[in-house]
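# build me a model:
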Amino acid sequence: MKISWVQFCIEESGTVGRMMRNSYRSVVLTFVCLLWVLPNSSVWSAPKQTEKSALERKRKLHKKKKKKPQRYEFAILPALAGSVDIGFGFGVIANIVRVDEPDFYPYRWKIELQWFMTVLEAPGGGVEFPYHDNYIRVDLPGLAGGKLRLNMRFSFGRFTTAGYYGLGNASDGRPVWDDFDPKAERDQYIQARRRYQYSWTYPSARLNARVTLTKKLQLFLGAEFSYNFFSIYKGSKLEEDIKRSRDESRNDDETNAIREGLVGVTPHANFQVKAGLVWDTRDDEAIPSKGMFHDVSLRVSPGAVFGLQYPYGGVTAHLRFYVPLYKKYLVLAFRLLGDFMFGRVPLYDMASFGGLTPNEGTGGSRSVRGVPSRRYHGKIKLLGNVELRALLIPGKVNFLGQRFNVGLVGFFDTGRFWADYKPNPILDGTDAGFHFGFGGGLRILWGESFLIRADFAYSLDPYSTFRFYIGVRQAF
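Numbering: from 1, shown residues only. Here you go, the predicted model:
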């Protein structure tokens, strides 16, 4: 219809123009036709084109906001911590991740760096810097077509207030310094404050490899080298037990147990090889909401074969479960761990557990929270942990080009430890002897893989106090 009106106007205007060349009629008729045709013609379709352009601009803007499948993610933040064991800690944690979706999961590579130290009021006044934990960690999950994952860690650690309260589950932790006046009996007070401490320095290098056998099953291989230095404080429990173990005139059951169990307190090198199997069905590594993550492993220090002083080993079974209660926003996570060591186990390994991710295993942020770090020493360790994890924000919040989420956690931890396989009521006690810790915490997820963890915990153990922990990655 629009086209016929245009043709009509043109024809009529031309006809009239020819009939009345000196008249204004042709001009008026042409003007009237234009007023009719133009509003109904394509000339006035510009608003529709403008709406289309706006839609295109919105689509382009959305594409800009959407994360690229190949990208780098950076995170750097201060590392803060505080507890009775190590004092107030400060430092820096940095994280660099190369994401390459969908070819590499959860990322192509990740580099994590930490520089961390603590400051604590010294027993005699002033301050000391008792704890240092500096490392570079490299994770390469996508090698050999996704079949091989390498993890390397180079670290320097120093712990001048490392805990030793004696061997076994029933070791005493009474605060003996309360018996002395800090001013009137200053020297005795300072010595008493070191009663359950020693100094340990340990540079180390670790290499782990995980080889994919099936979609869920992996082979775990690893090696670790460290060199260990010690300083024994005068009047400490460790000095007392060392002297007792070397006293040939003493032949009672407790002394014999200490003599057999207390080794590795002089400077020495340590080399371990590890092997095991990993079963992994988690839907996400940083914040799993369903699935399982288990590992069973063997670690051995070959001793004289490599010119080392202490031949020993250990077997670890580490089971982790994640059950969604409401999608990914409310998750029940629980962990069971058993660690069984044999041979001439050095002192520092008596208070840790092995496996895919070795950690302090008799108190501290990754075992029984609320119990002092390295509180109990023994060859047998059992741990159980339950966490209720909640994500507070559906999706993630974008801030300065980074994505964040926030969560809360409530937890309950328990553990039981034995000095050796032989029953020893003096060292391990006669009752059930389980230790408990409970509390809550905050979780901040930065990007896809960097999780910041802060926990408050309290233990029912005698002489325990509230403890605060901050670190990266989930407790399990």
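# any idea how this structure splits into domains?
2-57, 67-472 (automatic domain parsing).
# could you pull out the helices for this structure?
2-19, 25-37, 46-65, 186-193, 237-246, 253-261, 425-428 (DSSP state H).
# the fifth one - contacts with which helices or strands?
If contacts are counted by 3 or more CB pairs under 8 Å, 6 or more residues apart in numbering; DSSP states H and E, helix 237-246 sits against helix 253-261. Where you see a C-beta, it was placed from the backbone N, CA and C, and this is true even at glycine.
# hey, C-alpha coordinates of the helix it packs on in CSV?
Output of helix 253-261 as CSV, limited to C-alpha atoms (Å, rounded to 0.1, in the frame of the first residue of the first chain):
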residue,chain,number,x,y,z
ASP,A,253,58.4,-49.4,81.9
GLU,A,254,57.9,-45.7,81.3
THR,A,255,61.7,-45.0,80.9
ASN,A,256,62.0,-47.9,78.5
ALA,A,257,59.1,-46.6,76.4
ILE,A,258,60.6,-43.1,76.3
ARG,A,259,64.0,-44.7,75.4
GLU,A,260,62.5,-46.6,72.5
GLY,A,261,60.2,-43.8,71.3
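# ok and it relative to helix 237-246, angle-wise?
Angle, helix 253-261 to helix 237-246, by axes from the mean of the first three to the mean of the last three CA atoms, to 10 degrees: 100 degrees.
# list the buried residues for helix 253-261?
Residues Glu254, Ala257, Ile258, Arg259, Gly261 are the ones in helix 253-261 that count as buried (16 or more other CB atoms under 10 Å).
# right, and the fourth one touches Lys243 too?
No: the pair Arg259 / Lys243 is not scored as a contact, 11.2 Å apart, by CB atoms under 8 Å.
# mean confidence (pLDDT) on stretch 402-415, please.
When pLDDT is averaged over stretch 402-415, the result is 92.
# likewise for stretch 210-228?
For stretch 210-228, the per-residue pLDDT averages 94.
# now do the buried residues in that stretch.
Here stretch 210-228 shows Arg210, Thr212, Gln218, Phe220, Gly222, Glu224, Ser226, Asn228 as buried, counting by 16+ other CB under 10 Å.
# which residue packs closest to the fourth one, ignoring adjacent ones?
In space, Phe220 comes closest to Gly276 once its chain neighbours are excluded; the distance is 4.3 Å by CB to CB, 6 or more residues apart in numbering.
# count the neighbours of that neighbour for me.
23 (other CB atoms under 10 Å).
# Val92 now?
Count around Val92 with other CB under 10 Å applied: 12.
# so it sits against Pro78, correct?
Yes: shown here, Val92 and Pro78 form a contact pair, counting by CB under 8 Å, at 6.3 Å.
# just the pLDDT for Asn399.
Quick fix: residue 399 reads Phe, not Asn. 72.
# where exactly do the strands run in the stretch 301-450 of the chain?
Taking DSSP state E, counting those that start in this stretch as the test, the strands found in the stretch 301-450 of the chain are 312-326, 330-343, 352-353, 359-360, 380-391, 397-399, 402-418, 435-446, 450-459.
# relative to Phe180, which of those strands is closest?
strand 450-459 (25.3 Å; CB to CB).
# starting at the chain centroid, how far to the closest one?
How far strand 450-459 lies from its chain's middle: 10 Å, per CA atoms, centre = their mean, to the nearest Å.
# C-alpha coordinates for it, CSV please?
Presented in CSV, the C-alpha positions along strand 450-459 are these (Å, rounded to 0.1, in the frame of the first residue of the first chain):
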residue,chain,number,x,y,z
PHE,A,450,41.7,-19.5,46.2
LEU,A,451,39.9,-20.1,49.5
ILE,A,452,40.7,-18.1,52.6
ARG,A,453,39.8,-19.8,55.9
ALA,A,454,39.5,-18.3,59.3
ASP,A,455,38.4,-20.4,62.3
PHE,A,456,37.7,-19.8,66.0
ALA,A,457,38.0,-23.0,68.2
TYR,A,458,37.8,-24.2,71.7
SER,A,459,38.9,-27.5,73.2
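# distance to Ala269 and mean neighbour count added to the strands of the stretch 301-450 of the chain, as JSON lines?
Output for the strands of the stretch 301-450 of the chain, formatted as JSON lines (distance: least, CB to CB, whole Å; neighbours: other CB atoms under 10 Å):
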{"stretch": "strand 312-326", "distance to Ala269": "14", "mean neighbour count": "18"}
{"stretch": "strand 330-343", "distance to Ala269": "16", "mean neighbour count": "18"}
{"stretch": "strand 352-353", "distance to Ala269": "17", "mean neighbour count": "22"}
{"stretch": "strand 359-360", "distance to Ala269": "21", "mean neighbour count": "16"}
{"stretch": "strand 380-391", "distance to Ala269": "24", "mean neighbour count": "19"}
{"stretch": "strand 397-399", "distance to Ala269": "47", "mean neighbour count": "10"}
{"stretch": "strand 402-418", "distance to Ala269": "27", "mean neighbour count": "19"}
{"stretch": "strand 435-446", "distance to Ala269": "33", "mean neighbour count": "19"}
{"stretch": "strand 450-459", "distance to Ala269": "33", "mean neighbour count": "20"}
